[in-house]
Structure formats: C-alpha cells, structure tokens
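need coordinates for the following:
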Amino acid sequence: MKTLISLTAAALTLAACDVAQVAAVDTGRAAAKAVIAPIVAETVPGAPGVILTNCIVDNATPQELIVIASGGATPQNVTLVGDILARPATVTCATAGLT
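Residues are numbered from 1 along each chain as shown. Sure, this is the predicted structure:
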C-alpha cells in the first residue's frame, strides 16, 4: 500500500512538472511571437505576415525562441528570424499556408 501511495505521489509530482514546463514553453513562444511579428510585418503585413510568423515560431528551436524573446528586435534577432524563415521546413509551412 505504501508503494502504491508513493508511486501515485511521484506520478502527480511529475504531472505537475509537465504542466509547468508546458506553460513555460507556451509563454516563451508567445513572447518570441511578440518580437517576431513586427519584424515580419515590416516586409509582409497583414494575414500573410501572421502566417509567416506562425511558421517561424513553429520551426524555431526552444533555444532560439528564448534568444528572440529575451533580446527583442535586435539586428542579430532579425538575422536569426531570416535564418529560421529560410529553413526548408519553414518554407514548406509558409508555402502551404499562403497557397
């Protein structure tokens, strides 16, 4: 019985960690999106820019999202956004979304 209680407690603790991690990732994605959207909108305004922004966020690594979110619209982040946009997976996403 003690083992069952211990395992249940451990599972609940891990589940709480997963929820916190998902919330942190979602917050980081939202913060990065807030930086990426104006960068993209300078050259691609409106709905197409939103599609490109979503594709960039979806194809950035978690580390890249942190860098973008924490750094703002620096020249380095503008370059990073361009690099992410040039990736084959991002191009495929953008093509699918824009056609």
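
burial count for Val57?
The number of residues packed around Val57, counting by other Cβ atoms under 10 Å, is 22. In short, each C-beta sits where N, CA and C put it, glycine included.

chain neighbours aside, what residue packs nearest to it?
Nearest non-adjacent residue to Val57, counting by Cβ to Cβ, 6 or more residues apart in numbering: Lys33, 5.1 Å away.

show the contacting residues for Ser70.
The neighbours of Ser70, taking Cβ atoms under 8 Å, 6 or more residues apart in numbering as the test, are Ala31.

name the SS class of it, please.
helix (DSSP: H, G, I helix; E, B strand; the rest coil).

then Asn77?
Quick answer, by three-state DSSP: Asn77 is helix.

just confirm the residue nearest to Val57 contacts Thr53, I think it does.
Yes: the pair Lys33 / Thr53 is scored as a contact, 6.2 Å apart, by Cβ atoms under 8 Å.

show me which of the two is the more surrounded one.
Thr53 (23 against 19).

how close does the spatially most central residue of the chain sit to Ile68?
Against the mean C-alpha coordinate of the chain, by Cα atoms, centre = their mean, the closest residue is Arg29 at 3.5 Å. Distance, Arg29 to Ile68, by Cβ to Cβ, to the nearest Å: 10 Å.

was I right to think the residue nearest to the centre of the chain contacts Asn54?
No: Arg29 lies out of contact with Asn54 (Cβ under 8 Å); the separation is 10.1 Å.
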